[in-house]
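Chemist: here is a sequence with its predicted model. Questions after.
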2 protein chains.
Amino acid sequence: MMQVGAVGEEELVRRIAARFPEPSCQGEVALGMGDDGALLRPVAGSLQVVTTDLLLEDVHFRRAWTPLDLLGHKALAVNLSDVAAMGATPGPFFLDLGLPPDLPLSDFDALLEGLAGEAREAGNIVLSGGDTCASSCLHIGVTLTGHVRPERVIRRDGGQAGDLIAVSGPLGDAAAGLLLLEAGWRWSSSAALAERPAGGTLDVPEREATVALVAHLRPVPRLRLGRDLGGKVSAGMDLSDGVAVDLPRLCAASGCGARVELEKIPVGLPARAVFAASGMDALRTALAAAEDYLLLVTVTQEAWQSGLGADLGLTIIGRLVAGQEGLALLVDGVEESWPEHGFRHFPRP
Amino acid sequence: MMQVGAVGEEELVRRIAARFPEPSCQGEVALGMGDDGALLRPVAGSLQVVTTDLLLEDVHFRRAWTPLDLLGHKALAVNLSDVAAMGATPGPFFLDLGLPPDLPLSDFDALLEGLAGEAREAGNIVLSGGDTCASSCLHIGVTLTGHVRPERVIRRDGGQAGDLIAVSGPLGDAAAGLLLLEAGWRWSSSAALAERPAGGTLDVPEREATVALVAHLRPVPRLRLGRDLGGKVSAGMDLSDGVAVDLPRLCAASGCGARVELEKIPVGLPARAVFAASGMDALRTALAAAEDYLLLVTVTQEAWQSGLGADLGLTIIGRLVAGQEGLALLVDGVEESWPEHGFRHFPRP
């Protein structure tokens, strides 16, 4: 099996260029890959969004249970989710790769295929540069640009006491997928189905397992929803680390506190099945579940009553309160302190 | 000794924000760190440069012999060198950090101090976002923007047969610094001096060793020179992998070949001392030496005769020829095939 360390850097760059043919530098790209830097023509009259996210082997993913084409999709999708959360339209992007020399060339090609597929789905956005080097572990860094008209920007700091807090869909499916992978379930690319481990401990139907694995391995950025919400919500962000961790960030930026009603947390059906089989409380687990890449927004009561939520599939989970009231969880009407147990890269002291 | 894994992600981000206070989002930055993405206002009438470079532990540097403040400088400097090579002025930048949990907090702070110092020297450019996560090895990814008026852009693809090839200074000092580090020499931050290893094999004067180590550990981006050359050279790029590797890239982009006269290669005095002590041929080693971060440019004969080179300290090393003549090295007037032995991340098959 041919490995990336055997073919030389020029061949790797050639394969990247072949997978991302540049449309002769039209639109936002005046000069693409191959020079010291790209030359962009940002969209006039719009603000430019720039966001960057790392995916590191054994931190964000394990190679043993991650099909590399899906990893390519995800590396771009997590950045697209950030652009969606600003209410923006994605534009040119940049790719930094740290490659273990023993990575099979077929895996490298699959990774590129996934990235190219996600770029097409996002509106044919253009890979315009990056860096490729040897590394002890697989490392994927994406920098993504976007553009949004100033009056349509969604920021974290616009929430006000009294605004309703909403999420854009059921929570927990991606976390359920991770639990399945940890329990030995695997995604079969050929069958497009979850594969149950022999003598597995997590007994859920294949149907639910499949949806949960897809939610974890191939998240879908909410680009259209973000654009539709731009100018209509008071604040917003994407849910990458879970409501338990992300909502405090929105609150801190907005200078507000929050009351969230636990019973209102929408939990995905696959998540319910997996959390039940794991002996976990569905609502509390979903509240802290990471990587759903849904949108968390705040809306004024007036905007909500004018039909915003029903149109766009939002679910109200609570409301913002004045800052000094802090964050609290309401469980059957009883106030609890905020659960601080989402995913963290460095544990708290 | 406190380590980064002990203080939590919020504290690390707080330390980053404290070191890079945002000037309340003026100029090119409409919204800086802390949201899903930054919001930029690119400079009107200019093209925007975007460049990205990775520095990975044990690939680009070894922690044992790299003071972390100098590493911070270098992580930004290698990107600034790319912006310089486009003839551009640097703007907002983004920082992705993969941090080993056992990294001493004092090293983390030193790294930030170096980055902040380099950002100040580059004209108070603003850190506007990024990503911080745990990693098995220290990983620094910088994405840097810049701006340049269209008529001042320096690209690799503008060279024509007959143009002169020039470099902006003596070559080889950074490579000499790396040779010294490999032989046990170390940089003493407290004494600002090279420290000779006990019983060392590479016997050079401390003075030359000091300059060579600084050249390797703290390269200086040629920002002013790049801006001065914009609009006056036919093509250009920065010398990160050495003339032996970089010139073929410029030639490929320009559709030209090249003749380089070996005797014309300018070699730094520190490099001469170290290469001689290592038993290496000075001219051939300097030709293939990486990481000088000087500029490699091509100029028309007319531009040269009008005084361009003398003004800006350029040294002619050869000339571009028609593409079908290929690349060749002239040694005492005798043509040799091109030396293909600069630094490569993945060796050729």
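Modeler: Structure's in. What do you need? Residues are numbered from 1 along each chain as shown, chains lettered A, B, ... in the order given.

Chemist: going forward, measure contacts between C-alpha atoms and count neighbours the same way
Modeler: Will do.

Chemist: just checking, residue A:181 is part of a helix?
Modeler: Yes. Assessed with DSSP: H, G, I helix; E, B strand; the rest coil, residue A:181 lies in a helix.

Chemist: what's the closest non-adjacent residue to it?
Modeler: residue A:65 (7.0 Å; Cα to Cα, 6 or more residues apart in numbering or on different chains).

Chemist: and the helices in the stretch 1-150 of chain A?
Modeler: A:9-19, A:68-85, A:105-121 (DSSP state H, counting those that start in this stretch).

Chemist: anything in the first one near chain B?
Modeler: Yep, that's helix A:9-19 we're talking about. Yes. Interface with chain B: helix A:9-19 contributes residue A:9 (Cα under 8 Å from any Cα of the partner chain).

Chemist: can you state the direction angle for that helix and helix A:105-121?
Modeler: 30 degrees (axes from the mean of the first three to the mean of the last three Cα atoms, to 10 degrees).

Chemist: need phi/psi at residue A:216.
Modeler: Per-residue torsions, residue A:216: phi -80, psi -40 (degrees, to the nearest 10).

Chemist: one more: residue A:280?
Modeler: The phi/psi pair for residue A:280 (degrees, to the nearest 10) is phi -100, psi 150.

Chemist: what helix or strand is the nearest residue to residue A:326 once chain neighbours are set aside on?
Modeler: Distances taken as Cα to Cα, 6+ apart put residue A:257 closest to residue A:326, at 4.3 Å, once the chain neighbours are dropped. According to DSSP states H and E, residue A:257 maps onto strand A:256-261.

Chemist: what residues does the stretch 1-150 of chain A put near chain B?
Modeler: So the stretch 1-150 of chain A meets chain B at A:5-9, A:30, A:35-42, A:46-54, A:56, A:59, A:82-83, A:85-86, A:94, A:96, A:101, A:129-131, A:133-135, A:141, A:143 (Cα under 8 Å from any Cα).

Chemist: all strands of the stretch 151-300 of chain A, in order?
Modeler: Under the criterion DSSP state E, counting those that start in this stretch, the stretch 151-300 of chain A contains strands at A:164-167, A:186-188, A:193-195, A:235-238, A:256-261, A:295-299.

Chemist: dump the first one to CSV, restricted to CA.
Modeler: Coordinates of the C-alpha atoms in strand A:164-167 are reproduced here as CSV (Å, rounded to 0.1, in the frame of the first residue of the first chain):
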residue,chain,number,x,y,z
LEU,A,164,-36.1,33.8,24.2
ILE,A,165,-33.3,31.2,23.9
ALA,A,166,-33.8,28.7,21.1
VAL,A,167,-32.0,25.8,19.4
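
Chemist: pLDDT wise, what is residue A:22 at?
Modeler: For residue A:22, the model assigns a pLDDT of 71.

Chemist: so how many other residues sit close to it?
Modeler: Number of residues near residue A:22 (other Cα atoms under 10 Å in any protein chain shown) recorded here: 17.

Chemist: do the same with residue A:327
Modeler: Residue A:327 has 22 neighbouring residues, counting by other Cα under 10 Å.

Chemist: do you know how far it is from chain B?
Modeler: Counting by Cα to the nearest Cα, to the nearest Å, the gap from residue A:327 to chain B is 17 Å.

Chemist: most tightly surrounded among the strands of the stretch 151-300 of chain A?
Modeler: strand A:235-238 (a mean of 31; mean count of other Cα atoms under 10 Å in any protein chain shown).

Chemist: hmm, back to that, just name whatever secondary elements the strand holding residue A:257 is in contact with.
Modeler: Secondary-structure packing of strand A:256-261 (3 or more Cα pairs under 8 Å, 6 or more residues apart in numbering or on different chains; DSSP states H and E): helix A:243-254, strand A:315-322, strand A:327-331.

Chemist: what's in contact with that strand?
Modeler: With contact meaning Cα atoms under 8 Å, 6 or more residues apart in numbering or on different chains, strand A:256-261 is reached by A:159-161, A:248, A:251, A:317-333.

Chemist: no further queries at this time; thank you.
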